[in-house]
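> Sharing a sequence plus its predicted fold:
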Amino acid sequence: MRTVSDIFENALKEGRTYLLEPEAKTVCSIYGIPVTHFKVAKTAEEAIEAAEEIGYPVVLKVISPQIIHKSDVGGVAINLDSPTRVREAYVQIIENVKKHEPAAKVLGVLVEEMAPSPSVEVIVGANLDPQFGPMIMFGLGGIFVAVSTGVTFRNAPITEADAREMLTEIKGYKLLMGYRGRPPADTEAIINILLNTSRLVTEHEEIKELDLNPIFVYRKGAKTVDARILLKL
């Protein structure tokens, strides 16, 4: 089994200071941060097999070291609910990438579950401050980013008490308790993500930036939909 250090060393050896999405999500999984179920496919047939295993509907995303913003080059397809749609989407993604970024090296396609709508979306981030070391950030995501709900920060490592305080410090805290008929969010799941993220960046100070956004939080449980990790040289 690959370790977090193995993943980081491989990226740096390839001249990358950022992780590919499957790498970032694997790192999250190793540290107990819940992510969407995913597999990497290198052919349309493998994508269909992965979708059958994961369960429909699924999302397809291109995997390429040269492509950071996948949607900009037509490298994402969502809500695919059949083998036919998966095959068509795989072919279309490859064609789109070749058209917009002909020099890009395509390593495959990420096949992941289409996460159901959450009670609320949140953001967990980390940044390596040159003076204070790793800092943990928490805030609301999704449609609430445009609202002045605020974010809160703590020096890592954080305690459980710190994590609980972070939840209550944001202006949008009441939204976590349920709103407009929506169920309350699983705050314990958020706290565990904050604690595990703190442990990750504390034990691996080669992480320059980390961005888990969005994290879908449900009445029970949570799933990180997108994960980004940048490394320092």
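Nice, thanks for sending it over.
> and the residue nearest to Gly75 when sequence neighbours are not counted, how many neighbours?
Excluding its sequence neighbours, the residue lying closest to Gly75 (C-beta to C-beta, 6 or more residues apart in numbering) is Val62, at 3.5 Å. Bear in mind the C-beta positions are built from the backbone N, C-alpha and C, glycine included. Taking other C-beta atoms under 10 Å as the criterion, the count of residues near Val62 is 25.
> what about the helices in the protein?
4-13, 21-30, 44-54, 83-100, 160-169, 173-176, 187-203 (DSSP state H).
> Which one, of those helices, ends up nearest to Gly221?
Evaluated with C-beta to C-beta, the helices of the chain place helix 187-203 nearest to Gly221, the distance being 5.5 Å.
> quick one: average confidence on the closest one?
The average pLDDT within helix 187-203 is 98.
> next one: it to chain centre, how far?
Relative to the chain's own centre, helix 187-203 is displaced by 14 Å; criterion: C-alpha atoms, centre = their mean, to the nearest Å.
> which non-adjacent residue is nearest Pro184?
Per C-beta to C-beta, 6+ apart, closest to Pro184 is Gly178, 3.9 Å.
> Surely that neighbour and Asp186 touch.
No: taking C-beta atoms under 8 Å as the definition, Gly178 is not a contact partner of Asp186, at 11.4 Å.
> Need the overlap of contacts for the two.
Here Gly178 and Asp186 have Ser119 as joint contacts, going by C-beta atoms under 8 Å, 6 or more residues apart in numbering.
> what about these two, which has more around it?
Set Gly178 next to Asp186 and count neighbours by other C-beta under 10 Å: Asp186 wins out with 19 against 14.
> Next one: Ala203 from Asn127, what distance?
Let me fix one detail, which is that residue 203 is Glu and not Ala. 16 Å (C-beta to C-beta, to the nearest Å).
> so how many other residues sit close to Lys208?
17.
> so what's the residue lying closest to it once chain neighbours are set aside up against?
Once flanking residues are discounted, Lys208 sits nearest to Lys232: 4.2 Å by C-beta to C-beta, 6+ apart. Shown in contact with Lys232 (C-beta under 8 Å, 6+ apart): 17, 128, 206-208.
> what about this structure, any weak spots by pLDDT?
Scanning the chain for pLDDT under 70 picks out 1, 143-149.
> Outline the domain layout of it.
In the domain annotation for the chain, the residue ranges read 37-113, 120-231 (automatic domain parsing).
> Same list, the helices of the chain, but as a markdown table with distance to His69 and mean neighbour count please.
Converted to a markdown table, the helices of the chain look like this (distance: least, C-beta to C-beta, whole Å; neighbours: other C-beta atoms under 10 Å):
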| stretch | distance to His69 | mean neighbour count |
| --- | --- | --- |
| helix 4-13 | 18 | 15 |
| helix 21-30 | 12 | 20 |
| helix 44-54 | 21 | 18 |
| helix 83-100 | 11 | 17 |
| helix 160-169 | 29 | 15 |
| helix 173-176 | 28 | 17 |
| helix 187-203 | 23 | 20 |
